[in-house]
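[1] Could you work out the structure for the sequence below:
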Amino acid sequence: MFKKILIANRGEIALRVILACRELGIRTVAVYSEADENSLHVRFADEDVCIGPARSADSYLNVPAIISAAEITGADAIHPGYGFLSESSYLAEVCEACHIRFIGPDPNVIKLMGDKARARRAMKKAGVPLLPGSDGPVDSEEKALKWAKDIGYPVIIKAVAGGGGRGMRIVRSAADLGGALRTAQREAEAAFGVGDVYIETYLENPRHIEFQVLGDHHGNFVHLGERECSIQRRHQKLVEESPSLGLTDKVRRKMGGIVVDAARAVQYTNAGTFEFLMDQDGKFYFMEVNTRLQVEHPVTEMVTGIDIVKEQIRIAAGERLSFKQSEVTFTGHAIECRINAEDPDTFAPSPGVIHAFSVPGGPGVRVDTFAHAECTVSPYYDSLVAKIITHGRDRQEAIARMRRTLEMTVIEGIRTSAPLHLKILGDPDFVAGRLGTGFMDRFAARPRPGNLAEAV
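    I've put the predicted structure just below:
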């Protein structure tokens, strides 16, 4: 087992990794930018190293600085968290060259899954269902028109690299395809340094379902069930839950088997998430593999009782998975709300100093956060302030616990998305489980009463 792990991240995920390390008896090293000098992950790590100015490119994305911090402190492994360098094959390769263990998949697997077109081909070979689409990058309007004609409109153009909705365009007619293609290519080039895009069929209002997978270096693979991630705004998830009401136990077992076989086929190790779209007929279609820990991993931990971060660390250290598939059980229902520092109506960023911070606990409530009274929510980084996760015997109880937690939450000094989450939780379609990626478009267009939680 490792003696010291450097955490190449910040905020709540850095604290989450510190918690796992403490339980495993592993010392931790926090890296931080000048803007994060007084952050909690710096306070609670055993050691800390400043790696640069506030700008991410000069600190949390600075691979030489992170590797130097690991070497100076004698860390024998690096956990990248999520975001920043978590899916960087370059960081994984440099770690390998420096004899530092990267807590994540092999760099070749990260490269493969990071190229969406190559990933599609690999998944097709492994027997994973795919949407009709191009067999590789589309580099001209002529080719795009041919593919779109073959698969039928509407189509969606997607960046081969990256995600988060950048380099992505929905096209409903041939007249709009050329302009959308060029726009998507420019966006992809600006965001990811690679302008390649591909085309596939666009599904109207599907469910977004993802499966959590773990694989060790001894040929053992398991899945931990699915997460429903359909509540999104501009391809950014707002609410996640497990299990999904859209799946039966039979479908869950079938899809779990498919993703485990796919992980085995590409020799996937550590934690990963296989993401799918599910159409109105219950058919699944592969989207992508996220080769890292997900923001929403706590909902899976709540229903399975398995600490995914500790499993990540054990796997990277060369140990076998601590459980078998037959030992994975699913109990109750869990929901996660991402509380962001933004206006709940306009979504404008709301950085600043939090003057009061209180999130009540109680039965079935987990709060993952870096926030506290008089801390600063920086304008330089992601706006996530806290993740509130509730667990209940069933979905109704999980919703009730989330509602009372949000209603009693006090965050003063900045605006947050908590009031928006309360409205979502009270929406008839959400309560009934009628979910899809178009939920927020319909939700925003529906006439509503005044804010439900102005004090939050």
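[2] rest of the way, CA atoms for contacts and neighbours
    Fine.
[3] Pass me the low-pLDDT residue ranges in the stretch 151-300 of the chain, would you?
    Along the stretch 151-300 of the chain, segments meeting pLDDT under 70 span 162-164.
[4] Tell me where it has strands.
    155-159, 169-171, 197-201, 207-215, 221-233, 236-242, 270-278, 284-290 (DSSP state E, counting those that start in this stretch).
[5] I'd like those as CSV, with mean neighbour count appended.
    Output for these, formatted as CSV (neighbours: other Cα atoms under 10 Å):
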stretch, mean neighbour count
strand 155-159, 25
strand 169-171, 21
strand 197-201, 25
strand 207-215, 24
strand 221-233, 23
strand 236-242, 23
strand 270-278, 23
strand 284-290, 21
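[6] Next, format the ones you listed as TSV and append distance to V17.
    Compiled in TSV, the strands of the stretch 151-300 of the chain are given as follows (distance: least, Cα to Cα, whole Å):
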stretch	distance to V17
strand 155-159	31
strand 169-171	36
strand 197-201	34
strand 207-215	17
strand 221-233	19
strand 236-242	21
strand 270-278	14
strand 284-290	18
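[7] So for F443, what's the pLDDT?
    F443 is assigned 85 on the pLDDT scale.
[8] I meant to write L112 there.
    96.
[9] just Y90 next, same as before
    So Y90 comes in at 97 (pLDDT).
[10] Could you say which helix or strand holds it?
    helix 89-97 (DSSP states H and E).
[11] and that helix, what other elements does it pack with?
    Helices and strands touching helix 89-97, by 3 or more Cα pairs under 8 Å, 6 or more residues apart in numbering; DSSP states H and E, are strand 101-102, helix 107-114.
[12] Repeat the analysis, applying 10 Å as the threshold.
    Helix 89-97 sits against helix 63-73, strand 77-79, strand 101-102, helix 107-114, with contacts defined as 3 or more Cα pairs under 10 Å, 6 or more residues apart in numbering; DSSP states H and E.
[13] Out of the strands of the stretch 151-300 of the chain, which gets nearest to T405?
    T405 lies closest, by Cα to Cα, to one member of the strands of the stretch 151-300 of the chain: strand 236-242, at 14.8 Å.
[14] With just CA atoms, put that closest one into PDB.
    As requested, the backbone C-alpha atoms of strand 236-242 are provided in PDB (Å, rounded to 0.1, in the frame of the first residue of the first chain):
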ATOM      1  CA  GLN A 236     -23.900  19.900 -17.400                       C
ATOM      2  CA  LYS A 237     -25.500  17.600 -14.800                       C
ATOM      3  CA  LEU A 238     -27.600  19.200 -12.000                       C
ATOM      4  CA  VAL A 239     -29.200  16.200 -10.300                       C
ATOM      5  CA  GLU A 240     -28.100  12.600 -10.200                       C
ATOM      6  CA  GLU A 241     -29.700   9.500  -8.600                       C
ATOM      7  CA  SER A 242     -29.400   5.800  -8.200                       C
END
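[15] What is that strand packed up against?
    strand 207-215, strand 221-233, helix 297-304, strand 333-340, strand 384-392, helix 395-407, helix 418-426.
[16] Kindly reformat the ones you listed as TSV containing distance to F102.
    Converted to TSV, those look like this (distance: least, Cα to Cα, whole Å):
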stretch	distance to F102
strand 207-215	15
strand 221-233	19
helix 297-304	19
strand 333-340	27
strand 384-392	25
helix 395-407	35
helix 418-426	35
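[17] rewinding a little: which one of the strands of the stretch 151-300 of the chain lies nearest to F330?
    strand 221-233 (8.0 Å).
[18] Helix 418-426 and that closest one, what's the angle between them?
    Relative orientation of strand 221-233 versus helix 418-426 (axes from the mean of the first three to the mean of the last three Cα atoms, to 10 degrees): 110 degrees.
[19] chain center to strand 221-233, what's the gap?
    10 Å (Cα atoms, centre = their mean, to the nearest Å).
[20] What of stretch 330-349?
    Distance, centroid of stretch 330-349 to centroid of chain: 13 Å (Cα atoms, centre = their mean).
[21] swap in stretch 273-286?
    17 Å.
[22] Residues touching whichever strand or helix holds L6, excluding its own?
    For L6, the enclosing helix or strand under DSSP H and E is strand 4-7. The contact list for strand 4-7 (Cα atoms under 10 Å, 6 or more residues apart in numbering) reads 13-15, 17-18, 21, 25-32, 41, 45-49, 66-67, 69-71, 73-81, 100-103, 313.
[23] Of those residues, select the buried ones using a ChimeraX command.
    Buried members of these, defined by 16 or more other Cα atoms under 10 Å, are picked up in ChimeraX with:
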select :13,14,15,17,18,21,26,27,28,29,30,31,32,41,45,48,49,66,67,69,70,73,75,76,77,78,79,80,81,100,101,102,103,313
